[in-house]
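Asks: Build the 3D model from these lines:
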Amino acid sequence: MSQPIPQPKGVPLLGNIFDVKPGNTWTSLKALAEEHGEIFQIKILGKTIVFVASAALAEEICDEKRFRKYVGGPVVEIRAAVHDALFTAYDNEASWGIAHRIIAPHLAPDALAQWHGEMRDTAQEMIDGWKKTRSGGGGEGDYSIVSPFEQLGRLNLETTTLTLYGKRLGGLTGPEPPMLQAMEDSTAEAVMRPTRLSLVNTLLYGRKFKRAIKTMREYAADVVQHRRDNPTDRQDVLAAMLGAKDPETGKALTDAQVIDEVVSMPIGSSTAPCLLTMALYLLLRNPDALRLAREEIAAVAGAGPLEHAHVARLAYVGAVVHESLRLSFAAPGFNIEPVPSADRAPVLLAGGRYQVAHDQAMIIVMAGVNRDPAVFEDPLAFKPERMLGDAFAKLPAGAKKWFGNGKRECIGKAYAWHWSVLVLAMMLRDVDFEAVDKGYALEQDGWFNYRPVGFKVKVKARAEA
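Replies: As a prediction, this is how the structure comes out:
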């Protein structure tokens, strides 16, 4: 017989409305996962949401024969900006398959070599800027103070716009590109809107939401216009969006769909700066791991430029990235629902231990899955070694859902991985880091991503670099 799914006590009529803070949803869900374990549910104003927080249950509900991506809540709200783009399309929308077949070949691992140089050179520009900007008062103590998340956010947008769309923004320094704030405002509002009355959203928050959407679509329109004004034989993602046809249907993307996809990719890639910021935080707290990473970088690449082939050989740096993914939950969760059934029968989980409705929305909470003590010994500890060789291979599939699942897994997974390993390796080789606040206690928040808050570092050129 099925047992009840754990649930916080709540209050009459309103249910668990006070158990999840709308302004920091993922921290609330992290705390609930720590309290309730592998599965829990909340009810707000009569609506039930189930959360999965163990690797075993995550693996079960990622079975695409039984479950599929659920497009609801904040994901539905961000459709106001990107409509039926890859991230936001409903399961039955043909537009997803058309766009995926057109774009995916240009983000596959074997397609990335041609963009490696642009990734590397743009990252080098950021690092060189750190070396030139001094805050230390002169001499060997000279350093720059930077916010890694802010700087890496700029770098991520700059690199995405250049490598995928062929345009330089020039946004590594100076005024922040408007696209960054628009992404923050739109995703924040998308998360908040389901928690408010529709009338409140319209009267008090609608104008800001529309302004952010307008800014993001103007960014995309400028990118497209730049390509049309500057014809090129460059075969990048934008070229595919504008000129390729779906090999199955023969259809091309409409002009509006191109704008949708151009907007959605920087939003999707915004998890990468969160990941690398967390990696720096963790490495500063684990100097032995930092030393091993630097030794590997020196052994693989020497003093020369980091080439495309080097990245795959940086096994320990890759393990640092994987372990930082595990502990950062930079992409903090994703939504699942049962595949519709004719009999509308309840769905059994964990061999019948739990039961959910035939149409129950479920959210995988990566803060629980990634720190599942049934999978990870000493789950709160930073141990890159567990992400190497046989140890990594033996991890269950449910513990490796950092980029989503199945056909709806992040289309830019290979791109994000290559960029993350490359940029981390470059930073570690060229720059010494020191926390500005030695007593900094990790705080995180976010909307469609989850990032350290208030973490700043002193940076200066390494003597060995």
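
Asks: alpha carbons only for contacts and neighbour counts from here, please
Replies: Fine.

Asks: Just give the nearest non-adjacent residue to residue 184, would you?
Replies: Of all residues not flanking residue 184 in the chain, residue 447 sits nearest, at 8.0 Å (Cα to Cα, 6 or more residues apart in numbering).

Asks: residue ranges for the helices of the stretch 151-300 of the chain, please.
Replies: 178-192, 198-200, 206-229, 237-243, 255-269, 271-284, 287-301 (DSSP state H, counting those that start in this stretch).

Asks: what's the answer for the stretch 351-465 of the chain, then?
Replies: Counting by DSSP H, counting those that start in this stretch, one finds helices in the stretch 351-465 of the chain at the ranges 366-369, 389-393, 413-430.

Asks: now those helices as JSON lines including mean neighbour count?
Replies: Formatted as JSON lines, the helices of the stretch 351-465 of the chain follow (neighbours: other Cα atoms under 10 Å):
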{"stretch": "helix 366-369", "mean neighbour count": "29"}
{"stretch": "helix 389-393", "mean neighbour count": "11"}
{"stretch": "helix 413-430", "mean neighbour count": "20"}
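
Asks: Using CSV, lay out the helices of the stretch 151-300 of the chain together with mean pLDDT.
Replies: Listed next are the helices of the stretch 151-300 of the chain as CSV, based on pLDDT from 0 to 100:
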stretch, mean pLDDT
helix 178-192, 97
helix 198-200, 94
helix 206-229, 98
helix 237-243, 98
helix 255-269, 98
helix 271-284, 98
helix 287-301, 98
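
Asks: Pick the most buried one from these.
Replies: Using mean count of other Cα atoms under 10 Å, the stretch among the helices of the stretch 151-300 of the chain with the largest mean neighbour count is helix 271-284, at a mean of 24.

Asks: Next, the angle helix 413-430 makes with it.
Replies: 40 degrees (axes from the mean of the first three to the mean of the last three Cα atoms, to 10 degrees).

Asks: Does helix 271-284 pack against any helices or strands, and if so which?
Replies: Helix 271-284 makes packing contacts with helix 148-165, helix 287-301, helix 315-328, helix 413-430, strand 431-435, strand 451-452 when contacts are defined by 3 or more Cα pairs under 8 Å, 6 or more residues apart in numbering; DSSP states H and E.

Asks: partners of the shortest one in the sheet?
Replies: For strand 451-452, the paired strands and their directions (DSSP bridges) read strand 444-445 (antiparallel).

Asks: residues making contact with the strand it pairs with?
Replies: 24-27, 450-453 (Cα atoms under 8 Å, 6 or more residues apart in numbering).

Asks: returning to that earlier point: closest one to residue 78 among the helices of the stretch 151-300 of the chain?
Replies: helix 178-192 (5.6 Å; Cα to Cα).

Asks: you'd agree residue 398 is up against residue 58?
Replies: Yes. With contact defined as Cα atoms under 8 Å, residue 398 reaches residue 58; the gap is 5.3 Å.

Asks: if we can go back for a sec, next, format the helices of the stretch 151-300 of the chain as CSV and append distance to residue 10.
Replies: Shown next, in CSV, are the helices of the stretch 151-300 of the chain (distance: least, Cα to Cα, whole Å):
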stretch, distance to residue 10
helix 178-192, 20
helix 198-200, 24
helix 206-229, 30
helix 237-243, 48
helix 255-269, 34
helix 271-284, 32
helix 287-301, 43
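
Asks: what's the closest of those to residue 358?
Replies: helix 178-192 (24.9 Å).

Asks: from the chain's centre, how far out does the closest one sit?
Replies: Put simply, helix 178-192 sits 14 Å off its chain's centre (Cα atoms, centre = their mean, to the nearest Å).

Asks: quick one, what contacts the residue nearest to residue 184?
Replies: Shown here is residue 447, whose contacts under the criterion Cα under 8 Å, 6+ apart are 24-26, 184, 187-188, 191.

Asks: and which of these is nearest to residue 440?
Replies: Among those, and counting by Cα to Cα, the member closest to residue 440 is residue 24, at 19.4 Å.

Asks: and that closest one, what does it touch?
Replies: Per Cα under 8 Å, 6+ apart, neighbours of residue 24: 445-447.

Asks: Tell me the one among the residues you listed nearest to residue 230.
Replies: Closest approach to residue 230 among the contacts of residue 24 (Cα to Cα): residue 447, at 35.7 Å.

Asks: so where's this protein uncertain?
Replies: Along the chain, the parts satisfying pLDDT under 70 run over 134-141, 464-465.

Asks: switch to 80 and redo it
Replies: 133-141, 464-465 (pLDDT under 80).

Asks: what residues does the helix or strand hosting residue 120 touch?
Replies: Element membership for residue 120 (DSSP states H and E) is helix 113-132. Residues outside helix 113-132 that contact it (Cα under 8 Å, 6+ apart): 143-144, 146, 151, 155, 158-159, 162-163, 172, 306-308, 419, 422-423, 426-427, 430-431, 459-461.

Asks: what's the answer for stretch 409-419, then?
Replies: Counting by Cα under 8 Å, 6+ apart, stretch 409-419 makes contact with 100, 104, 107-109, 112, 119, 269, 272, 311, 403-404, all of which sit outside it.

Asks: again with stretch 150-166
Replies: Under the contact criterion Cα under 8 Å, 6+ apart, stretch 150-166 has outside partners 115, 118-119, 122-123, 126, 167-172, 176-177, 180, 223, 227, 234, 236-239, 266, 269-270, 272-273, 276-277.

Asks: hey, C-alpha coordinates of it in CSV?
Replies: Provided in CSV are the C-alpha atoms of stretch 150-166 (Å, rounded to 0.1, in the frame of the first residue of the first chain):
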residue,chain,number,x,y,z
GLU,A,150,29.2,39.6,-12.6
GLN,A,151,32.3,39.3,-14.7
LEU,A,152,31.5,35.7,-15.8
GLY,A,153,28.0,36.8,-16.7
ARG,A,154,29.4,39.4,-19.0
LEU,A,155,31.9,36.9,-20.5
ASN,A,156,29.1,34.4,-21.0
LEU,A,157,26.9,36.8,-22.9
GLU,A,158,29.9,38.2,-24.9
THR,A,159,31.0,34.7,-25.9
THR,A,160,27.6,33.4,-26.7
THR,A,161,26.8,36.4,-28.9
LEU,A,162,30.2,36.0,-30.7
THR,A,163,30.4,32.3,-31.2
LEU,A,164,26.8,31.5,-31.9
TYR,A,165,25.7,34.7,-33.6
GLY,A,166,28.9,36.2,-35.0
